[in-house]
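In: Sequence and computational prediction follow.
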Amino acid sequence: MKISTLSLGAATLALALSGCGEGSPAAGGAAEASGIDFGTNASMYANDGECDDVRFEGSAMPGADERNTDHIGQDAADCIAAFDAGTITLNPLFEEPASTDAIVYGDDAGNYPNDGDCDDIRFTGDYASNLFYMHEDIGHDASDCRAAVESGEARWQGATATPEYGITLEEAEAMEN
Ligand SMILES: [Ca+2]
Ligand SMILES: [Ca+2]
């Protein structure tokens with residue numbers, strides 16, 4: 001169970017500020033050498049000891065039912081620490097493909113296969129402003145995403161720390177009600 005508090009936000013800000021100068025814990029580590037943009041500590045789950053950024057995989061990630069695409073690029077301190085410790089790695093599905101033809105789309109085992117929308121957050125397009133992305137669909141909406149890329153509707157956004165996030169869970173629930 002995760003609980004966010006205002007005090008956690010204050011701690012996040014303090015840590016983000018302290019990380020700007022010399023002596024940042026990431027300096028010289030594997031995370032820095034990776035070239036990955038870990039982003040900010042804007043997530044409500046920043047600095048809770050788990051890497052909540054679903055671009056990664058490994059033992060320092062929360063359980064599957066606690067993962068959420070909203071935290072991509074917003075849990076830098078936790079994910080840098082875990083990356084340096086070797087308890088997470090970049091999910092290979094997010095590695096930049098050499099060309100559009102080299103994209104690994106995965107399979108159709110996600111929540112919304114073959115519904116005409118590319119639900120994999122590795123991709124975006126004009127449609128994304130109305131889409132609720134779920135982490136379970138990463139690499140699991142292959143037919144829809146392949147068709148959308150081939151038609152030009154979708155484009156690769158990959159491992160950017162500032163993706164198009166689609167709509168939030170709250171917005172999705174409001175649309176259902
Ligand atoms: Ca975290
Ligand atoms: Ca779909």
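Out: Thanks, I have it. Numbers count the residues shown, from 1 in each chain. Ligands and ions are numbered 1, 2, ... in the order given.
In: So in the chain, where's the weakest helix or strand by average pLDDT?
Out: Across the helices and strands of the chain, mean confidence by mean pLDDT, DSSP states H and E is lowest for helix 6-18: a mean of 43.
In: Pull out the buried residues from the helix or strand just after it.
Out: Where DSSP states H and E defines the elements, the next helix or strand beyond helix 6-18 is helix 30-34. By 16 or more other Cβ atoms under 10 Å, the buried positions in helix 30-34 come out as residue 31. Placement of C-beta: from N, CA and C, glycine included.
In: For helix 30-34, give me every contacting residue.
Out: Residues outside helix 30-34 that contact it (Cβ atoms under 8 Å, 6 or more residues apart in numbering) are 26, 38, 79-80, 83-84, 86, 90.
In: What's the first helix or strand after that helix?
Out: Downstream of helix 30-34 (by DSSP H and E), the next one is strand 56-57.
In: Just the ones of the contacts of helix 30-34 in strands?
Out: With DSSP state E as the criterion, strands contain residue 90 from among those.
In: near ligand 2, from the contacts of helix 30-34?
Out: Among the contacts of helix 30-34, no residue sits close to ligand 2 (Cβ under 5 Å from the ion).
In: Can you turn the buried part of the contacts of helix 30-34 into a ChimeraX selection?
Out: Written as a ChimeraX command, the selection of buried residues from the contacts of helix 30-34, which uses 16+ other Cβ under 10 Å, is:
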select :26,38,79,80,83,84,90
